[in-house]
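Just need the structure, nothing else, for what follows:
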Amino acid sequence: MNRVDVILSERELERLVNVIDSCGTPGYSVARHVTGRGAHGLVASEALEVTGLGTNVHVIIFCEEPVTEALRTALRPLLAYYGGVAFVSTCEPV
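Okay, the predicted model is just below:
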């Protein structure tokens, strides 16, 4: 089983969910108003956390390899256009 972590602008969440659904994922979790610092500097200050303006979302997906590959293919154009990052890691249930 794989874990796919996607972090991108909260404004693009609907587009991301459409991509996730189109790949046949069994489900996902969304953490909103994610702030921090990355390759492009500060994402948003704590002052903006309340409104969500300029913050990111962190979407976590657990899925099998065929769905992971579909996600890789579908996410690349989205991330290239809107920015963000996605990582895949191998995991196993407890």
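
Where do the strands of this protein begin and end?
Remark: strands assigned in the chain by DSSP state E are 2-9, 29-34, 37-38, 41-42, 56-63, 85-90.

Give me the helices and strands touching the second one, please.
Meaning strand 29-34. Contact analysis of strand 29-34 by 3 or more Cβ pairs under 8 Å, 6 or more residues apart in numbering; DSSP states H and E lists strand 56-63 as its packing neighbours. Just so you know, the C-beta spots here come from the backbone N, C-alpha and C atoms, and that holds for glycine as well.

gap between the closest residue to A86 other than its chain neighbours and E92?
Spatial nearest neighbour of A86, chain neighbours left out: V6 (4.5 Å); criterion: Cβ to Cβ, 6 or more residues apart in numbering. Noted for V6: a distance of 21 Å to E92, by Cβ to Cβ, to the nearest Å.

The two: which is more packed in?
For V6 and E92, the more surrounded residue by other Cβ atoms under 10 Å is V6, and the numbers stand at 25 against 6.

so the more buried one makes contact with V59?
Yes - between V6 and V59 there is a contact under Cβ atoms under 8 Å: 4.5 Å.
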